[in-house]
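Trainee: For reference, the sequence and a predicted model appear below.
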Amino acid sequence: MSDTTNESQTFSAESYFATQPQPPSLAADIQGVHEFIQRQRQANRCVVLVTSGGTTVPLELNVVRFLDNFSAGTRGATSAEYFLKAGYAVIFMHRQFSLQPFSRHYSHTTNPFLNFLEVDASLPSSSTIDTAYPYSYDPAPTAPTPQVTVTLAERARLLSVLRAYKAVHEQETLHMLSFVTVNEYLWLLRAVSREMSVLGRKAMYYLAAAVSDFFLPQQRLSEHKIQSGKGNLSIEMDQVPKILKPLVSEWNPEGFIVSFKLETDETLLVPKAQQALERYGHQVVIGNDLHHRKYRVVLISPAAQEDAANQPNGVLASQPKYDKFWIEIDPNQPPSHPKEIEEDIINELIKRHKAWIESA
Ligand code: 9Z3
């Protein structure tokens, strides 16, 4: 790494954490994670870390502008629900204000929850609105308090979401953590992974967050808002270190690690996913392409190697290094009851995680 502060550098994970600032909330966040993991250990549960949503890259210290990412956190929030349903405890590490399990059904949507609520129809509509204080939360003292109900058409769906949500709260199996910048994400990921290492093989990582590949080191950030009026703006960014490497080899070598590969050219999916497995040596890479990600993904994992001793002639034919497993659903789902691809992804991963635990 160069020691001047204006030049671009190549960061290893080690040099990154040695030079980039630790977020002030990290210690408190990790205390919460520590206690959550202790409780799950006592209950003998598997714990999955689900990362979700995009990271930002601030362009100024007093940040006015930043680089962002398209991800709304649908994959992560949906997957977290299926993990919870299967009895996993979930650490949901998500971009602040991105989609969350359960509430996702009624947020960031073209069909927001207010559309499903009705003010008691037995009262004349004029008496249900306090025209003098149209937006006041305090009912006028003399007015009857109208009841709010859920429309009949939405009641069954809401009830099932609400029941699942309440059950998870009661069992305390969901722990929320949030990040905004790529720096906060990296520090949290390292600290949470280290905490999870006490779980051994019962820990799973489901890294669905869309993490920036580039960032501006703190030392090269302009303190104040970048001024216009000086013509074009050129910014040279550094590469974010490949964090899967220390995660797999140092922070939690026993964990079952699932990473995602996003491409816009579908022909690159399989080779790029294989390259990631080759490089980091973890368990599964899920390849998804931007336009079909809700209906088709491919799971790439190391192929089980046959033992030559089990072959009749004692010789092995050349074996593929990787297994490919496509998961696909019909893109034309009924709006009333859509199937979500995450249901099949999580079922498959849980099967494999179980085998991973049993093979210890
Ligand atoms: C994913 O590929 C996720 O599935 C999506 C989910 C971001 C596509 P949405 O929030 O989208 O449901 O709309 N996440 C990982 C993307 C990523 O940054 N992967 C890195 C890469 O492709 C490797 S870690 O290089």
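Mentor: Nice, thanks for sending it over.

Trainee: how about the residues of this structure that lie near the ligand?
Mentor: Contacts of the chain with the ligand, taken as Cβ under 6 Å from any ligand atom, map to 71-75, 207-208, 210-211, 259-262, 288, 293. Every residue, glycine included, has its C-beta placed from N, CA and C.

Trainee: In the stretch 51-200 of the chain, what residue spans correspond to strands?
Mentor: 57-58, 66-67, 89-95, 117-119, 148-150, 174-179 (DSSP state E, counting those that start in this stretch).

Trainee: Please compute how far stretch 241-250 lies from its chain's middle.
Mentor: How far stretch 241-250 lies from its chain's middle: 18 Å, per Cα atoms, centre = their mean, to the nearest Å.

Trainee: tally of neighbours for residue 194?
Mentor: Burial of residue 194 is recorded as 15 neighbouring residues (other Cβ atoms under 10 Å).

Trainee: Find me the pLDDT at it, would you?
Mentor: Looking at residue 194, its pLDDT stands at 97.

Trainee: got it, and residue 127?
Mentor: 49.

Trainee: can you pull the buried residues of stretch 160-168?
Mentor: 161, 165, 168 (16 or more other Cβ atoms under 10 Å).

Trainee: Which member of the residues you listed is positioned nearest the ligand?
Mentor: Nearest to the ligand among these, counting by Cβ to the nearest ligand atom, is residue 161 at 18.4 Å.

Trainee: Run through the residues that contact that closest one.
Mentor: By Cβ atoms under 8 Å, 6 or more residues apart in numbering, the contact list for residue 161 reads 102, 105-106.

Trainee: Can I get the buried residues of stretch 160-168 in a markdown table including pLDDT and distance to residue 197?
Mentor: Converted to a markdown table, the buried residues of stretch 160-168 look like this (pLDDT from 0 to 100; distance: Cβ to Cβ, whole Å):
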| residue | pLDDT | distance to residue 197 |
| --- | --- | --- |
| 161 | 95 | 34 |
| 165 | 98 | 30 |
| 168 | 98 | 25 |
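
Trainee: residues contacting the spatially most central residue of the chain?
Mentor: In the chain, the C-alpha nearest the mean C-alpha coordinate belongs to residue 52, at 1.9 Å (Cα atoms, centre = their mean). If a contact means Cβ under 8 Å, 6+ apart, then residue 52 has 71, 73, 75-77, 80, 92-95, 98-99, 208-209 as its contacts.

Trainee: Not counting sequence-adjacent ones, nearest residue to it?
Mentor: Computed as Cβ to Cβ, 6 or more residues apart in numbering, the closest residue to residue 52 that is not its neighbour in sequence is residue 76, at 2.3 Å.

Trainee: Can you report how many residues lie near that neighbour?
Mentor: Counted with other Cβ under 10 Å, residue 76 comes out at 30.

Trainee: Likewise for residue 208?
Mentor: So residue 208, with other Cβ under 10 Å, has 27 neighbours.

Trainee: quick one: it and residue 49, what's the gap?
Mentor: Residue 208 sits 10 Å away from residue 49, going by Cβ to Cβ, to the nearest Å.

Trainee: what's the answer for residue 70, then?
Mentor: Between residue 70 and residue 49 the distance is 22 Å, computed by Cβ to Cβ.

Trainee: So which of these two has more stuff around it?
Mentor: For residue 70 versus residue 49, the count of surrounding residues by other Cβ under 10 Å is larger for residue 49: 25 against 8.

Trainee: Can you read off the backbone torsions of the more buried one?
Mentor: Dihedral pair for residue 49: phi -90, psi 120, per degrees, to the nearest 10.

Trainee: That one bridge partners, please.
Mentor: Taking DSSP bridges, one obtains residue 91, residue 205 as the residues bridged to residue 49.

Trainee: residues contacting it?
Mentor: Contacts of residue 49 by Cβ under 8 Å, 6+ apart are 90-91, 93, 192-193, 196, 203-207.

Trainee: Would you check which pair of those lies furthest apart?
Mentor: 90 and 193 (15.1 Å; Cβ to Cβ).

Trainee: Tell me which of those two has more neighbours.
Mentor: residue 90 (28 against 21).

Trainee: Just the closest residue of the stretch 101-250 of the chain to the ligand, please.
Mentor: residue 210 (3.8 Å).

Trainee: what separates that residue from residue 95, distance-wise?
Mentor: Taking Cβ to Cβ, one finds residue 210 at 9 Å from residue 95.

Trainee: what do the two both touch?
Mentor: The contact lists of residue 210 and residue 95 share 53-55, 71, where a contact means Cβ under 8 Å, 6+ apart.

Trainee: Good, wrapping up.
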